[in-house]
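Asks: return atomic coordinates for the entry below.
(one chain, ligands or ions: 1)
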Amino acid sequence: MYQPSLTDLTEPAKLRVGLIGFGCVGQGFHTILSQLPEAELVVARIAVKTPGKARPLPAEQFEFDAHALVQDPELDVLVEVIDDADEAFQLVSAALRLGRRVVTANKAMLARHLNTLLRLELDYGGTLLYEAAVAGSIPVLRTLDSYFGSEPLLALRGILNGSSNYVLTRMSEEGSDYATALAEAQRLGFAETDPALDMAAFDPRSKAVLLAAHAFGTLVHPERVLNLGIENITPADLEYAAAQGKKIKVIAEIRQAGPGSVSLAVLPRLVDAQSPLYAVEREMNGIELEAAYAGSQFLRGKGAGSFPTGSAVLADVRALQRGQRYEYSKLGADDRPRLAPNLETEVYLRASSAEALEEVAQWLELPAPNGQHFLTGTVRLEALLARRDALREAGVFVAGIGEIQPAALPVASIQEAAVLAA
Ligand SMILES: NC(=O)c1ccc[n+]([C@@H]2O[C@H](COP(=O)([O-])OP(=O)(O)OC[C@H]3O[C@@H](n4cnc5c(N)ncnc54)[C@H](OP(=O)(O)O)[C@@H]3O)[C@@H](O)[C@H]2O)c1
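Replies: Below you'll find the model as predicted:
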């Protein structure tokens with residue numbers, strides 16, 4: 001039976017938080033805290049960048065040297081939610097060198113520097129948590145890290161970018177064109193200032209890199225991962241999918257590709273109604289996990305926005321308060337899988353003219369399109385990655401229509417892929 005003790009009756013000291021960044025995420029976190037006075041947390045200092053900017057709190061609550069917060073021993077936890085990945089890396093790595101407890105939401109910074117940050121965490125005894133960086137309010141990292149820490153995963157598929165998903169929903173449900181749907185996403189505050197991060201799938205690529213580390217123990221630099229986006233999509237592409245009873249969704253997929261290897265790619269794909277991702281619309285995110293013993297599971301929720309990300313930051317701060325850290329048990333395994341080379345998938349490709357498509361078919365060694373504006377064929381992921389920017393500039397839209405799998409014919413040599421990438 002529960003016996004109250006003296007320690008239950010003494011008021012616990014409030015954890016002092018240093019908040020770096022007071023934009024969408026920082027304000028969401030701050031507002032949530034102000035509505036939960038029992039949360040045993042207090043934001044003791046706030047650093048921002050621009051003096052004189054209008055803010056919802058009195059000006060004297062803001063300061064402009066974030067490094068001063070990193071150095072302040074009176075702060076128990078640092079929350080880094082700024083929009084500058086390079087500066088975020090400087091701040092977070094300096095904090096970890098001091099053995100501090102840090103929460104960040106900066107996926108681009110994390111994906112690029114995960115290896116270094118993990119090293120600093122180990123060497124100096126600090127802790128870094130970053131649930132908000134992957135799918136906003138969806139607690140996927142802690143699910144992977146604690147619940148699936150030992151069980152092998154077979155695959156993980158996710159819609160991880162609310163802005164591009166919003167654009168796709170608007171286009172398919174309301175027949176909007178791409179530019180109109182994107183302008184609406186920006187007006188509603190879903191899209192990043194630089195729309196390429198969302199629409200060209202750089203943002204979900206960073207998230208997929210973080211998921212690969214937690215789900216499979218695979219550490220990979222984001223630039224090695226194929227990311228294709230939707231900037232060139234037209235209603236004709238959605239009609240092509242709809243004629244087959246499918247939708248186009250930008251899917252980040254990580255899956256076992258063979259012994260000791262995983263495939264990892266982010267690209268628009270035709271999704272059928274049996275997939276739980278089919279029904280993930282507008283700014284929502286969704287993640288399907290296929291585990292070796294638990295079977296299939298699906299997580300769905302708000303992937304961005306002030307309160308959903310503020311909620312994830314709060315959950316991480318509370319986890320730090322309880323002394324929790326990621327176990328990274330799969331990263332510690334000797335047989336952690338590598339990124340598989342020599343993968344292929346069947347794609348649908350559409351260009352604005354038959355001539356443009358003819359040229360693209362040559363680049364990718366596909367059969368000539370016979371005067372059509374679109375073609376389907378099997379291509380290697382390395383070839384798509386090497387031609388990614390050229391395809392985008394040529395106005396080509398690419399969508400996966402099959403599984404990603406080991407290529408039937410081996411690549412002639414690794415050098416061939418390197419030549420393509422040059
Ligand atoms: N928005 C989302 O839904 C969402 C979701 C998941 C993850 N994230 C990530 O969370 C981070 C923050 O995003 P956000 O949307 O909140 O950005 P934001 O609205 O643009 O706000 C950025 C904040 O960072 C401050 N800042 C920038 N450089 C700084 C520096 N050197 N020192 C101190 N403060 C600095 C800015 O100061 P000023 O106010 O003075 O300009 C501003 O308050 C990003 O890494 C983003 O990718 C965002």
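
Asks: and Ala68, what does it touch?
Replies: With contact taken as C-beta atoms under 8 Å, 6 or more residues apart in numbering, Ala68 is in contact with Ala47. Just so you know, the C-beta spots here come from the backbone N, C-alpha and C atoms, and that holds for glycine as well.

Asks: phi and psi next, for it.
Replies: Main-chain torsions, Ala68, degrees, to the nearest 10: phi -60, psi -30.

Asks: now it: how far from the ligand?
Replies: Distance of Ala68 to the ligand, given as C-beta to the nearest ligand atom, to the nearest Å: 10 Å.

Asks: which sections of the protein are below the confidence cut-off?
Replies: In the predicted model of the chain, residues 1-12, 409-422 satisfy pLDDT under 70.

Asks: swap the cut-off to 50 and go again
Replies: Residues of the chain meeting the criterion pLDDT under 50: 411-415, 417-422.

Asks: so what are the domain limits for the chain?
Replies: If you go by automatic domain parsing, the domain ranges for the chain are 13-130, 150-302, 341-422.

Asks: and those as JSON lines, adding distance to Thr143?
Replies: Supplementary listing: the domains of the chain in JSON lines, determined by distance: least, C-beta to C-beta, whole Å:
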{"stretch": "domain 13-130", "distance to Thr143": "14"}
{"stretch": "domain 150-302", "distance to Thr143": "7"}
{"stretch": "domain 341-422", "distance to Thr143": "24"}
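
Asks: winner for burial among these?
Replies: Burial of those is given as mean neighbour count (mean count of other C-beta atoms under 10 Å); domain 150-302 ranks first at a mean of 20.

Asks: quickly check: that one near the ligand or not.
Replies: No - under the criterion of C-beta under 6 Å from any ligand atom, the ligand is not reached by domain 150-302; the shortest gap measures 7.3 Å.

Asks: gap between the two ends of that domain?
Replies: End-to-end span of domain 150-302 (C-alpha to C-alpha, to the nearest Å): 27 Å.

Asks: ok, now stretch 296-315?
Replies: With C-alpha to C-alpha, one end of stretch 296-315 sits 25 Å from the other.

Asks: now do stretch 233-247
Replies: Terminal residues of stretch 233-247 lie 13 Å apart, using C-alpha to C-alpha.

Asks: about what we covered before: out of the domains of the chain, nearest to Asp334?
Replies: Evaluated over these, closeness to Asp334 peaks at domain 150-302, with 9.9 Å, by C-beta to C-beta.

Asks: and that closest one, how far from the chain's centre?
Replies: Between the centre of domain 150-302 and the centre of its host chain there is 9 Å, according to C-alpha atoms, centre = their mean, to the nearest Å.

Asks: also stretch 353-372?
Replies: Relative to its chain's centre, stretch 353-372 lies at 32 Å (C-alpha atoms, centre = their mean).

Asks: which residues touch it?
Replies: The contact list for stretch 353-372, computed with C-beta under 8 Å, 6+ apart, reads 349-351, 373-375, 377, 379, 383-384, 387, 390-391, 394-396.

Asks: so who does the residue in the stretch 1-150 of the chain that the ligand sits nearest to touch?
Replies: Nearest residue of the stretch 1-150 of the chain to the ligand (C-beta to the nearest ligand atom) works out as Gly23 at 1.8 Å. Residues counted as contacts of Gly23 (C-beta under 8 Å, 6+ apart) are Val81, Ile82, Asp83.

Asks: what segments of the stretch 151-300 of the chain are strands?
Replies: Secondary structure of the stretch 151-300 of the chain (DSSP state E, counting those that start in this stretch): strands located at 153-159, 226-227, 246-258, 261-272, 284-291, 295-302.

Asks: dump these to TSV, plus distance to Glu327.
Replies: What follows is these, written out as TSV (distance: least, C-beta to C-beta, whole Å):
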stretch	distance to Glu327
strand 153-159	15
strand 226-227	28
strand 246-258	19
strand 261-272	19
strand 284-291	17
strand 295-302	19
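
Asks: wait, which of these is closest to Val42?
Replies: For Val42, the closest of the strands of the stretch 151-300 of the chain is strand 295-302, at 26.1 Å, according to C-beta to C-beta.

Asks: can you pull the contacts of the residue of the stretch 201-350 of the chain found nearest the ligand?
Replies: Using C-beta to the nearest ligand atom, Ala304 is the residue of the stretch 201-350 of the chain that sits closest to the ligand, at 3.3 Å. Each residue near Ala304 by C-beta under 8 Å, 6+ apart is listed here: Gly136, Gly162, Ser163, Phe190, Glu283, Asn285.

Asks: same check on Glu173?
Replies: Under the contact definition (C-beta under 8 Å, 6+ apart), the residues listed for Glu173 are Glu281.

Asks: beta partners of Leu267?
Replies: Per DSSP bridges, residues listed as beta-bridge partners of Leu267: Ile251.

Asks: do I have it right that it meets Ile251?
Replies: Yes - under the criterion of C-beta atoms under 8 Å, Leu267 is in contact with Ile251, at a separation of 7.0 Å.

Asks: work out for me the element Arg392 sits within.
Replies: With elements delineated by DSSP states H and E, Arg392 resides in helix 388-393, which encompasses its position.

Asks: which helix in this protein has the most residues?
Replies: When every helix of the chain is counted residue by residue (DSSP state H), the longest turns out to be helix 107-124.

Asks: what's in contact with that one?
Replies: Here helix 107-124 makes contact (C-beta under 8 Å, 6+ apart) with 85-86, 88-89, 92-93, 96-99, 104, 126-128, 130, 133-134, 197, 202-203, 205-207, 209-210, 213, 219, 221-222, 325, 328, 331.

Asks: moving C-terminal of that helix, what's the next helix or strand?
Replies: On the C-terminal side of helix 107-124, the closest following helix or strand by DSSP H and E is strand 127-129.

Asks: parallel or antiparallel, list what pairs with that next one.
Replies: In the sheet, strand 127-129 lines up with strand 101-104 (parallel) (DSSP bridges).

Asks: in the stretch 51-200 of the chain, which spans are helices?
Replies: Along the stretch 51-200 of the chain, the stretches classed as helices by DSSP state H, counting those that start in this stretch are 66-71, 85-97, 107-124, 132-135, 140-142, 162-174, 178-187, 195-199.

Asks: and the angle for the longest one with helix 85-97?
Replies: I take that to be helix 107-124. Taking axes from the mean of the first three to the mean of the last three C-alpha atoms, to 10 degrees, helix 107-124 and helix 85-97 form an angle of 20 degrees between their directions.
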